[in-house]
Structure formats: structure tokens, C-alpha cells
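1. When you get a sec, could you give me coordinates for this:
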Amino acid sequence: MTDVLTIQRTDGNAGATEVPVRRRKRPVRPAWEEPPTTVGQAAKGLTFTGVLAVVFVPLWIVVVTSLSTQAAINRAGGLVIWPDGLTLEAYSQMLADTTVRSALLVSLGITVVGTAVSMTVSVLCAYGLSRSRSFGHRFLLALLVVTMFVSGGLIPTFLVVTGLGGYGQWWALILPGAVSVFNILVLRSFYASTSADLIEAARIDGAGDWRILWSIVLPTSRAVTAVVALFYGVGYWNSFFNVMLYMPTDSEKWPLQYVLFTYVSRGNGMPGSVNAGFGTLEAQTAPLALQMAVVVLTLVPLLIVYPFMQKHFRTGVLTGAIKG
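-> Numbers count the residues shown, from 1 in each chain. Prediction:
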């Protein structure tokens, strides 16, 4: 904010003249907000630096270790902090293995298909529950909320999935956890806040529920939809527990996260190759560097997608929750 300050300037010929000068006004603070202090600003800076270090330092160590040679890892006694003898050998050896390449494709396929299925079900369910005149919406909403706190358990779920023929099938990695009640409630809160006059005007023009959802509700809720889709996508990308339950022996259907889990937990190589996988590679490349290289590979897609989705978080989840 700026205002105009008038000052006088003395001219040798014409005498004194008035010259308007703009100056910046301090932003108006709410009555309950105290003015900033030096100690407060320093504390905020230290807190931000600490949080940044907690996030950045482990990522830095993982990347540097994945680029290090066996000699550098031996000198560091494990994880490498400072770069020393960097090489891309771990990445070239990792990508040359068919197990990792197929696992990457499996993870991408599960993430894309699973996110599409989850978003379709969640959007339709949330829109139906957001309409106050929909049939049985109160009972269905209460039933969904109950499932957030009470579940059948792991063994009954396993028996149901295997009883339906899901053992060893792709859909067993998607459908058992396809819907999150929390995400449905977030979407419902946002959809319920859509202008009633706008929806009523569309109904007068002859639009049905499908047309209203596609042309009015979804375009006005892109932020929350993008955030929920990101939640689902991250969940599918990081999931490996269902693989342990439904296809523990078929390495061709393992996603990348489960390959990483098997490699780290066994410590003797990747599954699917000689000597439990990567047996021939370990003689050429440090096992720890290979482990960290796989970790980096699992992080790259999220690091690429997240910056494009970050702007939607505040207007998506928070706005939807507050409006609800």
C-alpha cells in the first residue's frame, strides 16, 4: 500500500514548488497480531532452517551415496555425506536389470489405473452425498464414517480377496484399498459448498446430475480434485504391503517399492536375478550404492509431480475443509 507525501522543493528561478512523492505504508495488522520482533523473526528463521535441514540432509545423503564408489563408502564407513569419487555405475547397473525396469512399469501402471479408479468412485460418491435430497445420503454418510474407525481386519480382508480369486491378480493391488473415506469427506465438503443458485439454474435449463457434475461441480473444484488425486497417486506409488499378501512369489508383478523393500530387507541382492538378484552386479558396484540408487528412482516421480501440485494444497484441502 502507498500514499502520496507532498514536499517542497526550492528552485533558484521559480521559488518553492510542491512535488508529490509516494511512500510505502506499513500493512495494516489485525488487532490481535503483535508486531514482529527481532527475537521472533530470528526464531522463525532458525525453525525454518531446521525443518529444511531435516528434509534436505537425508535426501542429500541418499543421492551422494548412490553416486559413490565402494572405496568412498568404505572410507565413510557407510552412508556418504561429502562427495568423493562420484560415479553413475550404480544407476547404469540398476537400469540394466530387467527386474527393476519391469517393476518401474508395474508401479506406473498401478499408480495410473488405481488413481483413475479411486478418483472415479470418490467423486461420484462425494457428489451423491453432497446433495441433501439424494436418497439415503445421511445413512450412507454415517456408514462411511463408521468404517474410518471400525474395520474387519487384515485376515478377513485377505480371505475375501482370495475367495474372490484375487490371489496373484492385478486387481488385488488396487481394489482392496481403492477408496479412502477421508478423501470422500474432503470432496463432499467442497461439493456441498457449490453455489445452490448455480445448480438450480442449470436444472431449470434442463441439466441432469451428470451434466451438473461434469460442467459445474468439477470445473469449480479443480484444486481439491487435484490434491485428492495426488493423495491417491502417492499412496499407490508407495504401496507394497498388498504385494506381500496377494503375489509374494511372482516377481514379474512386483512394483518398484516392493523390489526396494526386498532388496533392503534381505541385504543380499535384488530378487529376480542370480543369487537372489543383482548377484553379478554387486561384484562391480557397491550394494549400498545400488540400494540408494533404487531409493532415488522411487523418489524421482514424486519430486517431478509435486511442484506442479503444490499450489493446489491451500485452495484445495484447506478451503474444502473450512467450507464444510
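2. quick one: contacts for V296?
-> V62, V63, S66 (Cβ atoms under 8 Å, 6 or more residues apart in numbering). Yep, even glycine has a C-beta here, placed from its N, CA and C like the rest.
3. Most neighbours among those residues, please name it.
-> Highest neighbour count within these, by other Cβ atoms under 10 Å: S66, with 25 neighbours.
4. Quick one, grab the pLDDT at it.
-> Per-residue confidence for S66 comes out at a pLDDT of 87.
5. Tell me who's in contact with the closest residue to it other than its chain neighbours.
-> With sequence-adjacent residues excluded and distances taken as Cβ to Cβ, 6 or more residues apart in numbering, S66 is closest to M292, at 3.7 Å. Neighbouring residues of M292 by Cβ under 8 Å, 6+ apart: V62, V63, T65, S66, A90.
6. pLDDT below threshold where in the chain?
-> Along the chain, the parts satisfying pLDDT under 70 run over 1-33, 250, 264-286, 310-324.
7. A126: which of the contacts of V296 is nearest?
-> Set against A126, the nearest of the contacts of V296 by Cβ to Cβ is V62 (37.2 Å).
8. Give the other helices and strands that the strand or helix carrying that closest one contacts.
-> Using DSSP states H and E, V62 maps to helix 38-66. Contacts defined by 3 or more Cβ pairs under 8 Å, 6 or more residues apart in numbering; DSSP states H and E place helix 38-66 against helix 287-309.
9. Report the angle between the helix it packs on and helix 38-66.
-> Angle, helix 287-309 to helix 38-66, by axes from the mean of the first three to the mean of the last three Cα atoms, to 10 degrees: 130 degrees.
10. Tell me the gap between helix 287-309 and the middle of its chain.
-> Here helix 287-309 is found 13 Å from its chain centre; the criterion is Cα atoms, centre = their mean, to the nearest Å.
11. buried set for it?
-> Neighbour counts over helix 287-309 (16 or more other Cβ atoms under 10 Å) mark 287-298, 301, 309 as buried.
12. now do stretch 222-239
-> By neighbour count with 16+ other Cβ under 10 Å, stretch 222-239 contains the buried residues 223-237, 239.
13. Extract the C-alpha set from that stretch and format it as PDB.
-> Below are the C-alpha coordinates for stretch 222-239, written out as PDB (Å, rounded to 0.1, in the frame of the first residue of the first chain):
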ATOM      1  CA  ARG A 222     -10.200 -28.400  -9.700                       C
ATOM      2  CA  ALA A 223      -7.900 -27.600  -6.700                       C
ATOM      3  CA  VAL A 224      -9.400 -30.100  -4.300                       C
ATOM      4  CA  THR A 225      -9.700 -32.700  -7.100                       C
ATOM      5  CA  ALA A 226      -6.100 -32.400  -8.000                       C
ATOM      6  CA  VAL A 227      -5.000 -32.700  -4.300                       C
ATOM      7  CA  VAL A 228      -7.100 -35.800  -3.700                       C
ATOM      8  CA  ALA A 229      -5.700 -37.300  -6.900                       C
ATOM      9  CA  LEU A 230      -2.200 -36.600  -5.700                       C
ATOM     10  CA  PHE A 231      -3.000 -38.300  -2.300                       C
ATOM     11  CA  TYR A 232      -4.200 -41.400  -4.200                       C
ATOM     12  CA  GLY A 233      -1.300 -41.400  -6.600                       C
ATOM     13  CA  VAL A 234       1.300 -41.200  -3.800                       C
ATOM     14  CA  GLY A 235      -0.500 -44.000  -1.900                       C
ATOM     15  CA  TYR A 236      -0.400 -46.300  -4.900                       C
ATOM     16  CA  TRP A 237       3.100 -45.400  -5.800                       C
ATOM     17  CA  ASN A 238       4.400 -46.200  -2.200                       C
ATOM     18  CA  SER A 239       2.300 -49.200  -1.700                       C
END
